[in-house]
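In: The following comprises the amino acid sequence and a computationally predicted model.
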Amino acid sequence: MRNTVLTKAMNGHDSLLRKAGLVLGGSLLIAVAAQVSVPFFPVPLTLSTLAVLLVGLTFGSRLGAATVLAYLAEGAMGLPVFANGMNGASLVGPTAGFLYGYVAMAYLAGLAVERGLGRGVVSTAICSIAISALLYVPGLAWPAAVMGKSWDALWSGWMAPFLLGDTVKAVLAAMIVTGATAVIRARKG
């Protein structure tokens, strides 16, 4: 049986040191992607969702979720890892629902790969788009519950401007991961 998770297909063994390195590297990838930002208000357009999908699709469900939890912990400790160099304040600000939703996003992306739902670029892209759409549940629930935002405000400020970009990022993540998987499997013969 072939490994479906890219990091396991590359190396195969899971030492604690290797997992720690993956978590650190993955949280750094997400932090860097968060800094690539197009200013929108109240939620900036970043490459964070692309990075979270990549982490989930390549690390698997548990390690992917652990990586995002490490990223959130880094921000909570005051490191400027969130969009526009923000830190722990973002965990209670307008983007908090999206930040917390990243944990589920990485977990579900990893689970999709582990269950064989993402075997090719099309199926991986479909899974990634669906998982990206699910991110809007906590992302919109937070400002609705905590900030009292109406559906019209949520649609115009938190959702509509991001749908196309999130779809493109989901397809891009699928292309990167399936391409890398194909290259690694070809090298291993």
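Out: Yes, it's here.
In: For the residue nearest to the spatial centre of the chain, give me its contacts.
Out: Of all residues in the chain, the one closest to the mean position by Cα atoms, centre = their mean is residue 52, 1.8 Å from it. The contact partners of residue 52, by Cβ atoms under 8 Å, 6 or more residues apart in numbering, come to 30, 68, 102, 105-106, 109. In this view, the C-beta of every residue, glycine as well, is placed from N, C-alpha and C.
In: any idea which of these is closest to residue 43?
Out: Closest to residue 43 out of the contacts of residue 52 is residue 102 (13.2 Å), distances taken as Cβ to Cβ.
In: contacting residues for that closest one?
Out: Contact analysis of residue 102 by Cβ under 8 Å, 6+ apart lists 30, 48-49, 52, 68, 71-72, 135.
In: Those in helices, which ones?
Out: Secondary structure defined by DSSP state H assigns 30, 48-49, 52, 68, 71-72 of the contacts of residue 102 to helices.
In: Buried ones only from these, please, as a PyMOL command.
Out: Entered in PyMOL, the line below selects the buried ones among the ones in helices among the contacts of residue 102, by 16 or more other Cβ atoms under 10 Å:
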select buried, resi 30+48+49+52+68+71+72
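In: what residues are up against residue 77?
Out: 87-88.
In: Give me the phi and psi for it.
Out: Here the main-chain torsion angles of residue 77 (degrees, to the nearest 10) amount to phi -80, psi 0.
In: Then residue 82?
Out: Backbone geometry at residue 82, expressed as degrees, to the nearest 10, gives phi -90, psi 170.
In: Need the nearest residue in space to it, chain neighbours excluded.
Out: The shortest distance from residue 82 to any non-neighbouring residue, by Cβ to Cβ, 6 or more residues apart in numbering, is to residue 90 (4.2 Å).
In: And the helices in this protein?
Out: Along the chain, counting by DSSP H, helices occupy 6-11, 16-35, 48-59, 61-76, 96-114, 121-134, 136-146, 151-154, 163-188.
In: among those, which is the most enclosed?
Out: Among the helices of the chain, ranked by average contacts under mean count of other Cβ atoms under 10 Å, first place goes to helix 48-59 (a mean of 29).
In: just how off-centre is that helix within its chain?
Out: 4 Å (Cα atoms, centre = their mean, to the nearest Å).
In: quick one, it and helix 121-134 angle?
Out: Relative orientation of helix 48-59 versus helix 121-134 (axes from the mean of the first three to the mean of the last three Cα atoms, to 10 degrees): 130 degrees.
In: Tell me what angle helix 48-59 forms with helix 61-76.
Out: 140 degrees.
In: Could you check how far the closest residue to residue 169 other than its chain neighbours is from residue 117?
Out: Leaving aside its sequence neighbours, residue 169 sits nearest to residue 50 (Cβ to Cβ, 6+ apart; 4.1 Å). Noted for residue 50: a distance of 19 Å to residue 117, by Cβ to Cβ, to the nearest Å.
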